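Q: below is the sequence, then the predicted model.
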Amino acid sequence: MTIRRVSPAEAHELVRQGHVYVDVRSEPEFADGHPEGAINVPWMHMGSGGMVPNGRFLETMRERFAKDAAIVVGCKSGGRSLRAARALVDDGFTAVVDQRAGWDGARDAFGQISEPGWSRVGLPTSK
């Protein structure tokens, strides 16, 4: 199944319509700022040697959400969220959407922002 990928503005509208925004960034990243109303379920955790996979990601999502829950998945720039969205769909979740530019923004091969993320387009945020 193809994952639907949306802009930050489209993700915001989906949240306004009742989707839950699941931010899959690490806990420290989430604490620094996140989309208003987002729930944090990290795809990876910050470890002493860098990022390490969250072995309980799918288990946590199953505990918190029905398989048909309307979910928007976001991260920092779109990479982790796409991987998390694919894992959710592969696990049987049926209404998952990926917010492609994340919190900060999608970047091109030269590290330049190619699409501004949630925080850069002025959408509602929380800490």
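A: Cool, got the structure.
Q: surely residue 120 touches residue 107?
A: No. Residue 120 lies out of contact with residue 107 (CB atoms under 8 Å); the separation is 11.9 Å. Placement of C-beta: from N, CA and C, glycine included.
Q: neighbour-wise, which of these two wins?
A: Per other CB atoms under 10 Å, whichever of residue 120 and residue 107 has more neighbours is residue 107, with 18 against 14.
Q: separation between the more buried one and residue 32?
A: Using CB to CB, to the nearest Å, residue 107 is found at 18 Å from residue 32.
Q: also residue 77?
A: Taken as CB to CB, the span from residue 77 to residue 32 is 15 Å.
Q: more neighbours: these two, which one.
A: Higher neighbour count among residue 77 and residue 32: residue 77, with 21 against 12, using other CB under 10 Å.
Q: which non-adjacent residue is nearest that one?
A: residue 102 (4.5 Å; CB to CB, 6 or more residues apart in numbering).
Q: what about the helix or strand harbouring residue 83, average pLDDT?
A: Element membership for residue 83 (DSSP states H and E) is helix 79-90. Helix 79-90 shows a mean pLDDT of 97 in the predicted model.
Q: quick check: next helix or strand after that helix?
A: Proceeding N to C from helix 79-90, the next assigned helix or strand is strand 96-99, under DSSP H and E.
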